[in-house]
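Asker: Coordinates for the following, if possible.
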Amino acid sequence: LKLITLARAALARGGANQGACVRDTDGRVYAAKSVHLEHLKLSAIAVAVAMAVSSGAGGIEAVALLGEQGPSAEDLEILRDLSGDGVTVWWADGHGTVLSMIEL
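Answerer: Residues are numbered from 1 along each chain as shown. A predicted model of the protein is given here:
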C-alpha cells in the first residue's frame, strides 16, 4: 500500500502518464514519474530503477506502477536486471485501484 501511495504522489506531480515506486532489498523506496522530453523518453519504472541503482541498490524486491498502461516488456526486463527473489509488481490505475499483480 505504501508503494502505491508513493507512486500515486509521483503521478500527481503533473505532466506524466505514469508514476512508479520501487523498494530495494535494503527497504529504501524510490518514487518517480515517467519522462517525456523531445530526446529522452523513460517509463516511470525505468526512472525509479535508475534512481535506486545510482543510490547503490543491490536489488529490487517490490514495485508499484500507476497509469493507464501496465508495465511494458522492457520495464519487466529492467526489473529482472536488478530483481531479488520473488519480486512483486503491482499495476494500479490513477486512483490506486490494483488492476493486476505480476510475480517475477
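Asker: What distance do you get for the residue lying farthest from the centre of the chain to Ala48?
Answerer: The outermost residue of the chain, judged against the average C-alpha position, is Glu38 (21.9 Å), by Cα atoms, centre = their mean. Separation of Glu38 from Ala48 (Cβ to Cβ, to the nearest Å) stands at 22 Å. To be clear about C-beta, it is placed using only N, CA and C from the backbone, and glycine gets the same treatment.
Asker: do Arg28 as well
Answerer: Separation of Arg28 from Ala48 (Cβ to Cβ): 11 Å.
Asker: higher neighbour count, the two?
Answerer: Of the pair Arg28 and Ala48, Ala48 is the one with more neighbours under other Cβ atoms under 10 Å, namely 34 against 13.
Asker: Could you check which helix or strand contains that one?
Answerer: helix 44-54 (DSSP states H and E).
Asker: Now do the helices in the chain.
Answerer: 2-12, 44-54, 73-82 (DSSP state H).
Asker: Can you give me the buried ones in the second one?
Answerer: Think helix 44-54. Within helix 44-54, the residues scored as buried using 16 or more other Cβ atoms under 10 Å are 44-49, 51-53.
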